[in-house]
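1. no FASTA, just this:
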């Protein structure tokens, strides 16, 4: 899950620093460490017509933490949801790693997406940046650099979908006031994603569905389970195909 770093530039967190440090250590101690999902990190969903090519980059939810196999993880479910909506075959590939931040993803994960230009690129990042209380301006720079690095991998008429940050204030494994601080910071970073998408052609922001109870979480109380991932992927697919003609 990563360490919660309290920085003086975030006044509320700085004021609560002693409590947050203790709570963060307690959460790490109590929370089981789940593995990334097993299985291939590329695949194909059958369908008619020329295939839609999909690339997914991200942190632990994209890597499949919280589910058993990649078949139930975000990339494969996103591909299946796209295929179901457009009726076309979908070829997908994934580059993801637990603990990744937006800054690290640019150098460490983008090279793993090498391949045919993607019609849809899904970016799922921000939870680790939230846990580190990454400053808003730094986060915006990091995501901008990531989008610039991804640009050569996107087809001329392709789109990049920025998955919105989840509401960490709803995560049952997090105690108060840690939960509230992280929830507020996640909303700050998510607004930056929305603003970046509005300012860049071909980039779309997709709010994450609310996780409103333990029934949506894996055994660690932190990552979405298979049912939540399926719902999330369906929402993301709707944004990815919005305004795109079926072929």
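-> Thanks, I have the structure now. The model shown is predicted, which means the values in this text are computed figures rather than measured ones.

2. Is residue 39 in contact with residue 72, as I believe?
-> No. Residue 39 is beyond contact range of residue 72, at 9.2 Å (criterion: C-beta atoms under 8 Å). Quick note: C-beta positions are derived from backbone N, CA and C, even for glycine.

3. Neighbours of the residue lying closest to residue 221 once chain neighbours are set aside, how many?
-> Counting by C-beta to C-beta, 6 or more residues apart in numbering, residue 173 is the residue found nearest to residue 221 once chain neighbours are left out, at 3.4 Å. Residue 173 has 16 neighbouring residues, counting by other C-beta atoms under 10 Å.

4. do the same with residue 166
-> Counted with other C-beta under 10 Å, residue 166 comes out at 26.

5. Quickly list what's touching both of residue 39 and residue 72.
-> Taking C-beta atoms under 8 Å, 6 or more residues apart in numbering as the contact rule, residue 39 and residue 72 both touch residue 64.

6. These two: which is more packed in?
-> Each of residue 39 and residue 72 has its neighbours counted (other C-beta under 10 Å); residue 72 has more, 19 against 14.

7. so who does residue 95 touch?
-> Going by C-beta under 8 Å, 6+ apart, residue 95 touches 41, 55-57, 109-113.

8. mind running it again at 10 Å?
-> Contact analysis of residue 95 by C-beta atoms under 10 Å, 6 or more residues apart in numbering lists 41-42, 55-58, 62-63, 75, 105, 108-114.

9. repeat for residue 242
-> Counting by C-beta under 10 Å, 6+ apart, the residues that residue 242 touches are 159, 161, 204, 206.

10. residues contacting the second one?
-> Residue 161 is in contact with 54, 56, 78, 120-124, 197, 203-206, 236-242, counting by C-beta under 10 Å, 6+ apart.

11. Given whichever strand or helix holds it, what are its sheet partners and their directions?
-> Using DSSP states H and E, residue 161 falls within strand 154-163. In the sheet, strand 154-163 lines up against strand 118-124 (parallel), strand 203-206 (parallel) (DSSP bridges).

12. Nearest to residue 182, out of these?
-> Closest to residue 182 of the strands paired with strand 154-163, according to C-beta to C-beta: strand 118-124, at 17.4 Å.

13. Quick check: mean pLDDT of that closest one?
-> Averaging pLDDT along strand 118-124 gives 98.
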